[in-house]
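*Asks:* Sequence and computational prediction follow.
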Amino acid sequence: MPTQQDDVYGDHISNQFNEELAELKTEFLKMGGLVEQQLMDAVQALIENDSQLAEDVRARDKAVDRMEVAIDEEATRVIARRQPTARDLRLVVSVIKMVNDLERVGDESKKIAKFAIGLSEEGQAPRGYVETRHIGNHVASMLHDALDAFARLDSEQALRVMKEDKRVDEEYQAATRTLLTFMMEDTRNISRCMSVMWVLRALERVGDHACNIAENVIFMVKGEDIRHTSMERAEEVVKR
Amino acid sequence: MSTLNTSITTDTAQRETTTQDAVSMAKEKPAEAAIEYGKTVGTPFADDAKFCLRDVEVFYGDTQAIKGISLDIARNEVIAFIGPSGCGKSTFLRCLNRMNDSIDICRVKGRLELDGQDLYDPKRDVVELRARVGMVFQKPNPFPKSIYDNVAYGPRIHGLANRKSELDDIVEDSLRKAGLWNEVKDRLDAPATGMSGGQQQRLCIARTIAVSPEVVLMDEPCSALDPIATAKVEELIAELSQSYTIIIVTHSMQQAARVSHRTAYFHLGHLVEVNDTDKVFTAPEHELTESYITGRFG
Amino acid sequence: MTNSTSQAEIVRQSLKRRYRKERRFRAYGITAIALAITALVVLFSDIISKGHTGFLKTTVTLEVTFDPEIMYLEDATDPAQIRNADYLAPLMAALKREFPEVSGRSGERALKGLLNSYSSSEVKDLVVANPAVMGTTQTLTFVASDDVDVFVKHRDDSSYSLKLTEEQQAWTLALMERGVIDTSFNDVFFTHGDSRDPGHAGVLGAIVGSLLTMAVTLLLSFPIGVAAAIYLEEFAPQNRLTDFIEVNINNLAAVPSIIFGLLGLAIFINLFGMPRSVPVVGGLVLMLMTLPTIIISSRAAIKSVPPSIREAAEGIGASKMQVVLHHVLPLAMPGMLTGSIIGMAQALGETAPLLLIGMVAFIVDVPDGFFSSATVLPVQIFLWAGSPELGFIERASAAIMVLLTFLISMNALAIWLRKRLERRW
């Protein structure tokens, strides 16, 4: 798939280097795709009480872990062999950090799958699943957009993902309040609602990780670290 | 895994659309059109300038080697000149102590000042200038004399020492600064050409600092050395930077990244970018700089 | 796979061809060197076989009785009479004692032929210097006549035409048996100047003449040549004038040496009125001849000094003069010296220009200064080679050997100096 974006990291004098960076990118995107799938499957398993799908998600987490290790190794090799600079350096460093985020998302998915199995065994009518579905879709699209921004080196899209994170936080706040109401209404619901709370908490964390990935994409593209700065600063950098 | 792969491939395929950023980051062919004459991005000027260079142009016969470079070099800074071969970085370096004088067809234009005094003033004594602006060359070039005589040569011709003991002190001091004293103190009378390449280069540095220059120019000082000798010379540069202004031309970008405070990127006789070294090597401002340091052309 | 094996086959075949070519080339080289060595061996063996006898002299040792009577002396104490006495008579008497059977004028004349014509005056010098020997008998050794010398050394060599009669040959053989005629190391050859008589001719005059001439040449051409080379290499601007000078220097090196002789004759002798055949003029002429060689080799030596050393010195702040004096000159010196010595060796072997300024004259005395008439070794060889006396043939060859010894030792000196000075630490 020779495209404009491949060119950005693919026009070194050393073809080997081109291939190594392309490999790193492809592997990262593959892992991203896998993690995205994990997340969506986990949420689906929870909502549809599909314990089989949940088991699948838990089993596939091993693959995610292996990919994390493989990508880290590849990145280390590139640093050792090529001493990348400038945008190449930023790519490698960002991938190392983002891979960590992806792995965490994988862990959160596994956690959701675990709750899905637990909840499906209790087999009662779902409470708070509407919120879960909503937030789940939201963070899944955030993750998708963040990976998309990485693939296309699109800092504006990355900025949009960062802004989305605020909305996810608000939705999370609202959902916890709703669940608290459920729990107060009927104390028998507490244990189930606590499980759903944990799932919501995990999804909120996924949103944070997507946000981290977006920040790293902006660093990759613009060369400026905008973590722990204001949103205005981030906008300024992206506009540049 | 294979089933996943297909789904991901289609997924990534969807992402293949060109965006504004991708265009701006895409490779621009290194062309002169990308450079504006006499224009440098980054921070070429300094407040406490040792060298103040404005609109410098150098011609070899009809060929213009340096195209309107303006640059300040601050006191006690280490500045690295990088760029592809033939970009004029060595030529520019040699203007700073008028080593180009011996080339008949070489002409230098523009304002070049050291501490506010014109370098190319016809009344200016080039010998005095070179005592203040020392130079270390690409190939270690010790004189075919003893280690002692090599270091003592400069102080002798400039009459810096009146007595033998003073000269001894200068030699010891210079060798100590060059980190060579412990290696050679027992064989000062041994021929300098019998030393290893790295030692020879450090001896040349000792020889240069023996006349207490204010500025040390280094023209690819490590290109003939092995990595360990290179590391020692780089360590030395770091130590010397506390008392000297050091200007180093290097082909090794890693070396520039390691030793310098600021890095200047030259391209086809232009000074394209000057910035803090950290900035140049993580996020350079000019596309040509980026292309060069990331190994996209050379 | 088939492709690669066939390729290997092709390579193997071409390899054979290449090795053959290489062997052939090596054979050519060896042949050339063998030819050169053969020529050298022939030359040397010829010269040595002809010349080695030149280092021997044939002597006649006689018991000479200084009897005033046969010397027609009335008063043996009167210096005037002593100076005019007959000194041949006692020699003849001594010879006759060896051969009592010889009588008559023709026999005496034949006997006299064994003696060198210079012997009687040698006896006279002895007696004049020391009149006390009158009346005593002394054992004296004389150089034999040229003809006896040739007979003793070359009687088995058909290429020499012997001038001694059968009778004289018999006497000589008899005297050789009795030890009267003998051969010994030819000290005369190294202690005398030229002479009309081969037995009394030596190369000392020519050697001293050569040394004086060379001294003048060296003292003038080395400093001038080195200074010119340094100026042209280091200081002269690169323009048409210097190019012109460079071309001319190169051309001058190729000018036949006799032209320099003409120049010397016209300028030094005719224009400046310097005396003829003196070492100073010879040295000046040879200086003109060696200057281009020295300048060219010195410039090459200066050029070969690595520019890095020059830059190093300049970078420290050495002035142009300091760079040249402290660094360029010491490094170029071995090359300059070698060039100069080779130039001097050329000059030492030079004849033609010296002929024109009169150094070809017959000069008996060993020169005692730069302004006394002198000749030089190659000219001496040239003179002897053209002399009719048979004894000069071997002396010419001997002189060639002396000259070659000088040349070889000069070249050896050049090599030694280069090795010693070129020690680049």
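*Replies:* Cool, got the structure. Numbering: from 1, shown residues only, chains lettered A, B, ... in the order given.
*Asks:* Next SSE downstream of the strand ranked longest in chain C?
*Replies:* When chain C is parsed with DSSP state E, its longest strand is strand C:56-65. The helix or strand immediately downstream of strand C:56-65 is helix C:79-84, counting by DSSP states H and E.
*Asks:* Just list what the next helix or strand after that following helix packs against, helices and strands only.
*Replies:* Counting by DSSP H and E, the element after helix C:79-84 in chain order, helix or strand, is helix C:88-98. Here helix C:88-98 touches strand C:56-65, helix C:104-112, helix C:119-129, helix C:166-178, going by 3 or more Cβ pairs under 8 Å, 6 or more residues apart in numbering or on different chains; DSSP states H and E. For the C-beta atoms, the positions are set from N, CA and C on the backbone; glycine is no exception.
*Asks:* Return the most buried member of the ones you listed.
*Replies:* strand C:56-65 (a mean of 20; mean count of other Cβ atoms under 10 Å in any protein chain shown).
*Asks:* what inclination does that one have with respect to helix C:119-129?
*Replies:* 60 degrees (axes from the mean of the first three to the mean of the last three Cα atoms, to 10 degrees).
*Asks:* which residue ranges form the strands in the chain?
*Replies:* Since you didn't name a chain, this refers to chain A. Using DSSP E, strands in chain A do not occur.
*Asks:* should've been chain C
*Replies:* C:56-65, C:137-143, C:181-185.
*Asks:* Which one, of these, ends up nearest to A:Asp154?
*Replies:* strand C:181-185 (108.3 Å; Cβ to Cβ).
*Asks:* Strand partners (parallel or antiparallel) of that closest one?
*Replies:* Neighbouring strands of strand C:181-185 in its sheet, by DSSP bridges, are strand C:56-65 (antiparallel).
*Asks:* C-alpha coordinates for the partner strand, CSV please?
*Replies:* Output of strand C:56-65 as CSV, limited to C-alpha atoms (Å, rounded to 0.1, in the frame of the first residue of the first chain):
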residue,chain,number,x,y,z
LEU,C,56,101.5,-1.6,-9.4
LYS,C,57,104.9,-0.1,-10.3
THR,C,58,108.0,-1.9,-11.7
THR,C,59,111.1,-0.9,-9.8
VAL,C,60,114.8,-1.5,-10.3
THR,C,61,116.9,-1.8,-7.2
LEU,C,62,120.6,-1.2,-7.8
GLU,C,63,123.8,-1.0,-5.6
VAL,C,64,125.0,2.4,-6.7
THR,C,65,128.6,3.4,-5.9
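*Asks:* Tell me what angle it forms with strand C:137-143.
*Replies:* Note on geometry: by the same axes, to 10 degrees, strand C:56-65 and strand C:137-143 are set 160 degrees apart in direction.
*Asks:* what residues does strand C:56-65 touch?
*Replies:* C:90-91, C:93-95, C:97, C:114-116, C:119, C:123, C:136-144, C:148-149, C:152-153, C:175, C:179-189, C:199 (Cβ atoms under 8 Å, 6 or more residues apart in numbering or on different chains).
*Asks:* hmm, back to that, need the helices and strands packed on helix C:88-98 in a markdown table (columns: mean pLDDT).
*Replies:* Output for these, formatted as a markdown table (pLDDT from 0 to 100):
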| stretch | mean pLDDT |
| --- | --- |
| strand C:56-65 | 88 |
| helix C:104-112 | 83 |
| helix C:119-129 | 84 |
| helix C:166-178 | 87 |
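*Asks:* would you turn these into CSV with distance to B:Ile246?
*Replies:* Compiled in CSV, the helices and strands packed on helix C:88-98 are given as follows (distance: least, Cβ to Cβ, whole Å):
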stretch, distance to B:Ile246
strand C:56-65, 79
helix C:104-112, 99
helix C:119-129, 87
helix C:166-178, 92
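*Asks:* among these, which is nearest C:Ala228?
*Replies:* strand C:56-65 (47.8 Å).
*Asks:* quick one, helices of the chain?
*Replies:* Unless you meant another one, I'm taking chain A. Along chain A, the segments classed as helices by DSSP state H run A:4-9, A:15-47, A:51-82, A:86-122, A:129-152, A:155-185, A:190-222, A:231-239.
*Asks:* ah, I was thinking of chain B
*Replies:* Using DSSP H, helices in chain B cover B:2-14, B:20-25, B:89-95, B:126-132, B:147-158, B:164-177, B:181-184, B:197-209, B:227-240, B:253-259, B:277-282, B:287-293.
*Asks:* Minimum distance to A:Ala214: which of the ones you listed has it?
*Replies:* Taking Cβ to Cβ, helix B:20-25 is the member of the helices of chain B nearest to A:Ala214, at 13.2 Å.
*Asks:* low-scoring stretches of chain A, by residue?
*Replies:* A:1-7, A:123-126 (pLDDT under 70).
*Asks:* which residue does it bring closest to chain C?
*Replies:* Residue nearest to chain C within chain A: A:Asn15 (25.8 Å; Cβ to the nearest Cβ).
*Asks:* hey, what's B:Leu112 bridged with?
*Replies:* B:Leu53.
*Asks:* Chain B against chain C: which residues are in contact?
*Replies:* For chain B, the residues in contact with chain C (Cβ under 8 Å from any Cβ of the partner chain) are B:97, B:99, B:102, B:104, B:127-131, B:134-137, B:139, B:141-145, B:153-154, B:157-158, B:191-194, B:204, B:207-208, B:211.
*Asks:* related to what we said a few turns ago, could the helices of chain A be laid out in CSV, adding mean neighbour count?
*Replies:* Output for these, formatted as CSV (neighbours: other Cβ atoms under 10 Å in any protein chain shown):
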stretch, mean neighbour count
helix A:4-9, 20
helix A:15-47, 21
helix A:51-82, 17
helix A:86-122, 22
helix A:129-152, 22
helix A:155-185, 18
helix A:190-222, 23
helix A:231-239, 15
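*Asks:* Can you tell me how far the residue of chain A closest to chain C is from A:Ile218?
*Replies:* Distance, A:Asn15 to A:Ile218, using Cβ to Cβ, to the nearest Å: 29 Å.
*Asks:* Report the closest residue of chain A relative to chain B.
*Replies:* Counting by Cβ to the nearest Cβ, chain A gets nearest chain B through A:Gly223, at 2.6 Å.
*Asks:* Which residue comes closest to that residue once chain neighbours are left out?
*Replies:* Nearest non-adjacent residue to A:Gly223, counting by Cβ to Cβ, 6 or more residues apart in numbering or on different chains: B:Ala283, 2.6 Å away.
*Asks:* For that neighbour, report the pLDDT, please.
*Replies:* As predicted, B:Ala283 sits at a pLDDT of 89.
*Asks:* what about it, neighbour count?
*Replies:* A total of 19 residues lie near B:Ala283 under the criterion other Cβ atoms under 10 Å in any protein chain shown.
*Asks:* contacting residues for it?
*Replies:* By Cβ under 8 Å, 6+ apart, the neighbours of B:Ala283 are A:Ala86, A:Arg90, A:Lys222, A:Gly223, A:Glu224.
*Asks:* Got the domain ranges for chain C?
*Replies:* C:2-52, C:55-199, C:204-421 (automatic domain parsing).
*Asks:* and the residue in the stretch 201-350 of chain C that chain A sits nearest to, what is it in contact with?
*Replies:* Per Cβ to the nearest Cβ, C:Ser308 is where the stretch 201-350 of chain C lies closest to chain A, at 30.5 Å. Applying Cβ under 8 Å, 6+ apart to C:Ser308 gives the contacts B:Phe137, B:Lys139, B:Asn141.
*Asks:* wait, which of those residues is closest to C:Leu35?
*Replies:* B:Lys139 (44.2 Å).
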